[in-house]
Structure formats: C-alpha cells, structure tokens
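J.: The following block contains a protein sequence and its predicted model.
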Amino acid sequence: MTKRKMAIVLLIVTALLLTACSSAGTTAPGTTTTTVAPQDTTKEGGETTTAAPEGIDTSEEVHIVGYLLGDELVGMPKVMEALNAKLKEDINATMEIRYIGWGDLASKYPLVLAGGDLDWIFTAPWAYYIQEAQKKAFYELSEDMIETYMPRHYEALDPVAYNQVMVNVDGEKKFYMICTSSPDKKVSAFLVRKDLREKYDIAEVTNLTDIEPYLEVISTNEAGMTPMMLDNTYDLSRPFAGLLTEAGMIGTDMFSATAGGLNIWYDWRETTGEVFTIFDEPYRQAAIDAAKQVKDWYDKGYINPDVFGNTVRSKEAFSQGKSGIAFGNSVDLQSNMATAVDNGWDVEIIPTILPDGKAPRDAYSNNGVALAANTKNPERTLMALDLLMQEPSYVMLSYFGIEGENYEMTEDGKVGLPEGVTNDSNTYPVDVAGFWFVSKDLQPPLASWTDAYIAHREDLNGILVNNPMNGFEVDKEATKTEEANCNNAFTQYGQPLFIGAVPDVEAAFAELEEKAKAAGYDTVVAEAEKQIADFVASLG
C-alpha cells in the first residue's frame with residue numbers, strides 16, 4: 001500500500017470510528033485518480049521482481065534517449081549493453097545515453113532541449129532546471145504519474161521533496177523534476193597534494209585563505225604542474241567563491257547555475273527572508289578583497305592563463321599530475337582520492353565552509369531528471385527511470401559498471417576493484433558516469449575510501465546542518481528579460497573580475513556594478529525580495 005493510500009485509509013477509518021457511519025475518501029485538489037494498479041514488487045517467497053507495473057501495455061518496444069553531463073566513459077557502451085538487456089526483458093525498452101560536456105554546458109543544454117531528439121535529461125537548480133521549466137522545455141509531471149509509473153521511487157521519496165521542485169509556470173505551481181530520493185552527503189571542497197606540501201615543508205592547508213605558500217612552491221619547483229589548472233565553467237569562480245565563503249558569506253545564490261550566477265543571495269540558516277547582494281556591505285568589501293587575492297594569484301602565474309578556453313576540470317588535471325588543486329565536492333572528489341593512491345600520492349581534502357565550520361545539507365532537488373516536453377514515450381521513460389533509480393541491480397550497474405570487470409564485492413561487503421584494475425585504468429570509475437540521481441541508499445561503501453576520505457565523511461556529521469529555506473526557488477518569469485541581461489553583464493564583466501584577469505579590481509568591480517544596474521539588477525533584486533518574503537510568510 002502506498003503512503004498516500006495508507007493516509008487516506010487512516011482518515012476513513014478515523015471517520016468511521018467517530019461517526020459510526022460510512023465515509024468515502026476524496027482525492028486531493030489538483031490530483032486525478034487512476035485505474036492502473038501500482039506495481040507489486042515482490043514475487044512468491046519474497047523475491048524482488050522487475051516486471052512492468054500491472055495493467056500497463058509494454059507490447060511495443062520503445063527506444064529512450066537520455067542526456068547526462070560530463071564525458072562518456074570508455075566502459076559506457078558495455079554498461080549500456082547490459083542495461084539494455086535488462087530493460088528489454090523488464091519493460092520492452094532500450095535506452096541510449098548521450099553527453100553534454102562540462103565546457104559546453106551553458107551553450108548546449110538549451111540547444112539539446114530545443115532540438116527535441118531526447119526523452120529525458122539530467123537537471124538540477126544549478127543545471128538550468130528553473131530556467132528550462134519556465135520555458136516549458138520539460139514535461140509536466142504529477143504525483144499520480146510518479147506513483148503509477150515509478151512505484152519504487154514513489155515509495156522511497158520523502159513527500160517534502162515535491163515542494164523543492166515546484167516551479168511557478170503561468171501562475172501555477174507545477175513540477176517537472178524527478179529528484180533523487182537520497183540527497184548527497186557533501187560539501188564544496190578541494191584537494192591538495194599532502195606529499196608535495198610535506199616535501200617542501202609547508203604548513204597544513206586548512207582553507208583557501210592560507211593556501212598561497214603551497215601554490216608558490218608548486219609554481220617554483222614542480223615543472224609541468226600549474227598550481228591551479230582551472231576550466232572555464234565549473235572551476236572559474238571557485239577560488240573567488242571559496243574565499244567569500246571563508247570570509248563569512250552565508251548566502252545561497254537564487255540565480256545560480258554552473259556557468260555563474262547573479263550573486264543575489266538569501267540567508268539559508270534562518271527563515272528571515274533577508275536578501276543581500278555582492279554590491280551590499282559587508283559582502284561588497286569582502287568580494288573586492290577576494291577578487292584582489294585571486295588577481296594576485298593570477299598575476300603570479302598560479303592560475304592557467306588559458307582559463308577562458310580550457311574545458312578540462314581541475315579535478316581531471318589533478319589526477320593527471322598537472323594541477324596542484326582539484327575543486328569539487330565531497331562526492332565527486334572521492335574518485336580523485338582513490339586515483340591518488342594508485343599514483344602513490346598522499347592527498348588531503350579540505351571543505352569550503354563558513355568560519356563557524358558549518359554548511360547546508362543538500363536539497364532533494366540537487367540531483368534529478370526531467371522529461372523533455374516533446375518526449376514520445378513519457379510513461380515508458382518513467383518506468384525505465386524507476387528501475388534505474390531504485391532497483392538494486394540497475395543501481396549497481398549504472399554506478400559501478402560491470403561486476404568482475406569494473407568492480408567486485410569484497411568479503412566485508414564493500415565495492416572494490418578486480419585484480420589488475422586500478423582507478424586510473426578502470427574503464428568505468430565510480431561516480432563519473434553522471435548517474436548522480438540514482439539511490440545512494442542502495443550503494444555499498446567503497447573499499448577504495450582512504451582514511452582521509454573516511455575522516456572527511458565523519459567530519460561532515462558536524463559540518464552539515466539543516467537548511468530551513470529548502471523548498472524556496474525563485475520564480476524568474478517576471479524578470480526573465482532583466483535576468484538575461486544581467487547574466488550577460490556578469491559573464492562579460494564579472495567572470496574576468498572573479499578570476500583576476502583585470503588590470504584594476506576596484507575599477508572592474510565598479511564597472512560590473514554599473515553594467516549590472518543598467519541591465520535591470522535592482523528590478524531582479526526587488527522581485528526576489530518580494531518572492532522570498534511570500535515564501536517565509538507561507539511557512540507560518
């Protein structure tokens with residue numbers, strides 16, 4: 001019995017007890033009933049089945065096209081062959097996965113959706129979920145659809161998650177994302193080479209603010225290595241943003257995306273509705289100071305001068321021995337730490353957190369999938385995603401690859417590497433393929449987790465705190481023209497400032513403010529303030 005149906009039954013039983021007469025349950029406003037029975041996920045004897053939900057016709061084979069972010073792995077074709085064999089048997093479908101590279105994300109993501117040759121795509125607030133939802137590029141979903149075609153996921157998902165993916169479209173709250181049921185346990189972080197730090201007798205690095213001695217010795221002594229080899233998308237603003245956080249910038253950017261944002265923040269620790277921007281004190285001066293520090297690093301050659309044309313992330317360059325630092329988060333850096341062990345390196349992971357040592361817990365919406373608005377197979381796509389996200393054998397295959405080739409289970413129940421396979425030679429390394437939305441609750445721990453990583457995961461228990469503002473997403477429809485203009489201003493005038501590629505920081509900051517204000521920045525801020533005030537009021 002599903003959670004919603006159980007709740008209705010309990011209401012009916014309560015009414016019967018109180019009134020001693022019959023009572024009928026009703027559906028919630030905005031929902032519809034369905035005659036399709038939800039899936040029975042057990043066979044006789046308790047064995048799990050992966051058959052299609054009862055009553056759904058799967059006699060016609062369908063081909064499903066999905067998009068992930070990053071680059072296709074060497075082992076991906078073999079993984080997809082195995083996945084498709086299972087999908088064919090279970091729901092008479094096959095799936096094709098295509099990729100949008102990190103360096104092309106901002107330009108290609110909307111083009112892929114506009115092209116229409118797809119059924120689903122990875123999405124998140126930082127990966128254009130709000131923007132594309134409001135453009136109606138995604139297929140509108142309902143809880144009934146999730147319950148009917150994704151019964152496993154429906155049972156696993158906390159109902160609060162639906163609130164976190166609601167978007168205001170045409171004056172109505174709607175949702176288009178199938179979000180993860182297991183938010184990541186992570187924080188923004190970076191890696192440094194402990195072996196090199198100790199080789200040159202450099203003090204322990206605990207944050208970006210005190211990292212310069214480490215950068216200096218790498219620049220001076222390690223031929224072929226750049227202290228910070230950054231890409232033009234993910235990494236570009238990481239040093240600047242990290243310094244701001246360490247200075248006490250507590251906000252969450254309401255207009256964030258992988259390629260940047262508008263630096264219009266709200267305080268995630270409280271439900272005060274306070275809004276502040278990069279042009280307001282005390283963050284104005286903190287931003288200028290951070291930009292001056294990054295400019296100093298850029299001028300000294302600590303940052304690659306081709307950063308605007310480079311599409312290779314620092315974490316990849318780090319594993320190749322070309323970068324002294326790798327920017328990422330607690331989850332996506334674990335593979336780099338494992339590769340470092342194979343390379344004979346000792347590395348440290350340093351969280352980017354507030355001065356009080358805290359950071360917000362992830363929202364359910366941070367990793368998810370949306371169906372394309374013009375998908376020809378919404379029902380079968382949902383059924384395939386249900387298996388991919390919640391059926392254990394699919395989760396293991398999509399996340400870890402082929403057993404015996406990409407991974408093997410150790411005697412103590414951990415995921416290890418087969419004999420002769422290293423993290424560097426593995427054709428399907430963990431957490432790189434892009435299936436970040438599948439259930440992590442079904443994934444065993446990794447045998448490759450280093451002592452440093454295990455300690456970091458333990459530290460997260462004291463770092464991560466609840467975000468009472470989870471569920472707030474700004475509706476950008478009212479100011480979409482001003483937002484687009486402001487995005488252009490921040491791309492043209494902000495990115496060079498944030499990476500230090502300007503002759504004078506204060507003059508560049510003043511120019512950015514002038515251009516942003518001319519583009520309608522104050523209008524965007526005023527609308528954001530109104531919406532966040534309404535959200536706070538709705539919390540009671």
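T.: Thanks, I have it.
J.: which stretches of the stretch 401-540 of the chain form helices?
T.: All helices of the stretch 401-540 of the chain, identified by DSSP state H, counting those that start in this stretch, fall at 451-463, 480-489, 495-499, 505-518, 521-538.
J.: Let me know which of those helices is tucked in deepest.
T.: helix 495-499 (a mean of 23; mean count of other C-beta atoms under 10 Å). For every residue, glycine as well, the C-beta is placed using N, CA and C.
J.: Alpha carbons of it, as PDB, please.
T.: C-alpha atoms of helix 495-499 as PDB (Å, rounded to 0.1, in the frame of the first residue of the first chain):
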ATOM      1  CA  GLN A 495      34.000  36.400 -14.900                       C
ATOM      2  CA  PRO A 496      37.300  38.300 -15.700                       C
ATOM      3  CA  LEU A 497      37.000  40.000 -12.300                       C
ATOM      4  CA  PHE A 498      36.400  36.900 -10.300                       C
ATOM      5  CA  ILE A 499      39.300  35.000 -11.900                       C
END
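J.: what's in contact with that helix?
T.: 230, 236-237, 239-241, 260, 291, 294, 298, 303, 307-308, 502, 505, 508-509, 512 (C-beta atoms under 8 Å, 6 or more residues apart in numbering).
J.: For that helix, the averaged confidence score.
T.: Here helix 495-499 scores 96 as its mean pLDDT.
J.: Now do it: distance to the chain's middle.
T.: Averaging C-alpha positions (C-alpha atoms, centre = their mean, to the nearest Å) puts helix 495-499 23 Å from its chain's average.
J.: again with stretch 293-305
T.: 28 Å.
J.: Can you tell me how far residue 122 is from residue 474?
T.: To residue 474, residue 122 is 21 Å away according to C-beta to C-beta, to the nearest Å.
J.: which residues of the stretch 201-350 of the chain score low on pLDDT?
T.: 257-260 (pLDDT under 70).
J.: Could you do the chain as well?
T.: 1-51, 257-260, 540.
J.: again, only using 50
T.: For the chain, applying pLDDT under 50 flags the ranges 1-48.
J.: Which of the contacts of helix 495-499 fall in helices?
T.: Assigned to helices by DSSP state H, the following of those qualify: 239-241, 291, 294, 298, 505, 508-509, 512.
J.: Turn these into CSV, columns for distance to residue 103.
T.: Formatted as CSV, these follow (distance: C-beta to C-beta, whole Å):
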residue, distance to residue 103
239, 18
240, 19
241, 19
291, 23
294, 20
298, 20
505, 26
508, 24
509, 27
512, 23
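J.: With respect to residue 400, which of those residues is nearest?
T.: residue 241 (31.6 Å; C-beta to C-beta).
J.: Give me the three-state assignment for residue 117.
T.: Three-state assignment for residue 117 (DSSP: H, G, I helix; E, B strand; the rest coil): coil.
J.: Roughly how far does it sit from residue 375?
T.: 10 Å.
J.: which one of these two has more residues nearby?
T.: residue 375 (20 against 11; other C-beta atoms under 10 Å).
J.: can you pull the contacts of the nearest residue to the more buried one once chain neighbours are set aside?
T.: Nearest residue to residue 375, sequence neighbours excluded (C-beta to C-beta, 6 or more residues apart in numbering): residue 119, at 4.3 Å. Taking C-beta under 8 Å, 6+ apart, we find residue 119 in contact with 64-66, 371-372, 375-378, 381.
J.: Counting only helices, which of those make the cut?
T.: 378, 381.
J.: Would you list the buried entries among the contacts of residue 119?
T.: Among the contacts of residue 119, those buried by neighbour count (16 or more other C-beta atoms under 10 Å) are 64-66, 371-372, 375, 377-378, 381.
J.: Export only the CA atoms of stretch 199-214, formatted as CSV.
T.: Provided in CSV are the C-alpha atoms of stretch 199-214 (Å, rounded to 0.1, in the frame of the first residue of the first chain):
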residue,chain,number,x,y,z
LYS,A,199,58.2,17.6,0.7
TYR,A,200,58.6,21.4,0.8
ASP,A,201,57.9,21.7,4.5
ILE,A,202,54.7,23.7,4.0
ALA,A,203,52.3,24.1,6.9
GLU,A,204,48.9,22.2,6.8
VAL,A,205,46.4,23.8,4.4
THR,A,206,43.0,24.3,6.1
ASN,A,207,41.4,26.7,3.7
LEU,A,208,41.9,28.8,0.6
THR,A,209,42.9,31.8,2.6
ASP,A,210,46.2,30.2,3.7
ILE,A,211,47.0,28.3,0.6
GLU,A,212,49.5,30.6,-1.1
PRO,A,213,52.7,29.0,0.3
TYR,A,214,51.5,25.7,-1.2
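J.: Which residues does that stretch contact?
T.: 190, 192, 196-197, 217, 221, 227, 239, 242-243, 246, 297, 324-325, 348, 350, 352.
J.: What is the neighbour count of residue 418?
T.: The burial count for residue 418: 13, using other C-beta under 10 Å.
J.: Apologies, that question was intended for residue 220.
T.: Residue 220: 10 neighbours (other C-beta under 10 Å).
J.: That one should be in a helix, yeah?
T.: Yes - under three-state DSSP, residue 220 falls within a helix.
J.: roughly how far apart are it and residue 214?
T.: Counting by C-beta to C-beta, the gap from residue 220 to residue 214 is 11 Å.
J.: Check residue 443 too.
T.: Taking C-beta to C-beta, one finds residue 443 at 33 Å from residue 214.
J.: The two: which is more packed in?
T.: Just comparing residue 443 and residue 214: by other C-beta under 10 Å the higher neighbour count belongs to residue 214, 22 against 17.
J.: Secondary structure element for the more buried one, which one?
T.: Element membership for residue 214 (DSSP states H and E) is helix 212-221.
J.: Tell me how far that helix lies from the chain's centre.
T.: On C-alpha atoms, centre = their mean, the centre of helix 212-221 falls 32 Å from the chain's centre.
J.: ditto for stretch 208-216
T.: 28 Å.
J.: Check stretch 245-261 too.
T.: So, by C-alpha atoms, centre = their mean, the centroid of stretch 245-261 is 14 Å from its chain's centroid.
J.: now swap in stretch 363-373 and tell me
T.: 9 Å.
J.: and the end-to-end length of that stretch?
T.: End-to-end distance of stretch 363-373: 24 Å, with C-alpha to C-alpha, to the nearest Å as the criterion.
J.: before we move on, what about stretch 303-315?
T.: 14 Å.
J.: buried ones in it?
T.: For stretch 303-315, by 16+ other C-beta under 10 Å, it's 303-304, 307, 310, 312-315.
J.: How about stretch 378-395?
T.: Buried-residue list, stretch 378-395, by 16+ other C-beta under 10 Å: 378-391, 394-395.
J.: again with stretch 137-144
T.: 137-141, 143-144.
J.: Could I have the CA atoms of that stretch written out in PDB?
T.: The C-alpha trace of stretch 137-144 is given here as PDB (Å, rounded to 0.1, in the frame of the first residue of the first chain):
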ATOM      1  CA  ALA A 137      11.100  22.700 -22.200                       C
ATOM      2  CA  PHE A 138      10.200  19.900 -19.700                       C
ATOM      3  CA  TYR A 139       7.200  17.600 -19.500                       C
ATOM      4  CA  GLU A 140       4.800  18.400 -16.600                       C
ATOM      5  CA  LEU A 141       4.600  15.700 -14.000                       C
ATOM      6  CA  SER A 142       2.200  14.800 -11.200                       C
ATOM      7  CA  GLU A 143       2.500  12.700  -8.100                       C
ATOM      8  CA  ASP A 144      -0.100  10.300  -9.600                       C
END
